[in-house]
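1. give the three-dimensional model of this entry:
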Amino acid sequence: MDAKRVVDLLYWRDVKTTGVVFGATLLLLLSLTVCSIVSVCSYIGLALLSVTICFRIYKGILQAIQKSDEGHPFKQYLDQEVALSKDVVHKYSDVALEKLNKTIGELRHLFLVEDLVDSIKFAVLMWILTYVGALFNGLTLLILGLVAAFSCPIIYEKHQTQIDHYLALVNNQIKDIVGKVQAKVPGLKRKTE
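-> Prediction:
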């Protein structure tokens, strides 16, 4: 899926498609909060099989009654090639390997304290995440992230001027506080703008 299609999806350009994607993903995540992933996958598989088997039987009965010879109702899908090409697998595995190596290098940089300030920032982030983890489990965060991903862009698009105004105020306050802290704490690097 290219970036334009994702942006169109998140900005609700095609309400029907976005609604289906958002609803199905939200339903899947909510199902995972109640049942295990094995159960959810089994129920989804059973639902799909029920629909396809019923449709196949229905078409078979229609063909018998009308004495037509239309053939298998899913023939066009059965004739399509579904195998992944080696090029596609190599392309995505190379990208994944590159990202994995970069992540391993960054984690080594942080955990072996190559830069003290970066490691302290990372420690603070981990400390904050312990509190987030105590309040929410991973699925709750995924659900909140999904709802935010599908609602924040459209809210921002409709109220951009007001949001930008308040974000600028917050940004100025943060810059003032950071400046005061950097002035009082010896050894902190001051970035030039």
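
2. pull the CA atoms of the helix or strand encompassing I155 into CSV?
-> Taking DSSP states H and E as the criterion, I155 maps to helix 138-158. Taking Å, rounded to 0.1, in the frame of the first residue of the first chain, the C-alpha atoms of helix 138-158 are listed here in CSV:
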residue,chain,number,x,y,z
GLY,A,138,-0.4,-3.6,24.9
LEU,A,139,-3.8,-4.2,23.3
THR,A,140,-5.3,-1.1,25.0
LEU,A,141,-2.5,1.0,23.6
LEU,A,142,-3.0,-0.5,20.1
ILE,A,143,-6.7,0.3,20.3
LEU,A,144,-6.0,3.9,21.5
GLY,A,145,-3.4,4.3,18.7
LEU,A,146,-5.9,3.0,16.1
VAL,A,147,-8.6,5.4,17.2
ALA,A,148,-6.1,8.3,17.3
ALA,A,149,-4.7,7.4,13.9
PHE,A,150,-8.2,7.5,12.4
SER,A,151,-9.5,10.5,14.3
CYS,A,152,-6.6,12.9,14.9
PRO,A,153,-5.8,13.7,11.2
ILE,A,154,-9.4,14.6,10.4
ILE,A,155,-9.8,16.7,13.6
TYR,A,156,-6.5,18.5,12.8
GLU,A,157,-7.6,19.1,9.2
LYS,A,158,-10.9,20.7,10.4
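
3. got the angle for whatever helix or strand comes next after that helix vs helix 138-158?
-> Next along the chain after helix 138-158, taking DSSP H and E as the criterion, comes helix 160-184. Following axes from the mean of the first three to the mean of the last three CA atoms, to 10 degrees, one obtains 120 degrees for the angle between helix 160-184 and helix 138-158.

4. please report the number of neighbouring residues for H159.
-> Other residues within reach of H159, judged by other CB atoms under 10 Å, total 11. (Glycine included, C-beta is placed from N, CA and C.)

5. look up phi and psi at it.
-> Dihedral pair for H159: phi -130, psi 40, per degrees, to the nearest 10.

6. in contact with it, which residues?
-> By CB atoms under 8 Å, 6 or more residues apart in numbering, no residues touch H159.

7. follow-up on the earlier one: show residues contacting the helix holding I155.
-> Residues outside helix 138-158 that contact it (CB under 8 Å, 6+ apart): 10-12, 18, 22, 25-26, 29-30, 32-33, 132, 136, 163.

8. where does this protein dip in pLDDT?
-> Residues of the chain that meet the criterion pLDDT under 70 lie in 1, 187-193.

9. where do the strands of it begin and end?
-> Assigned by DSSP state E, the chain shows no strands.
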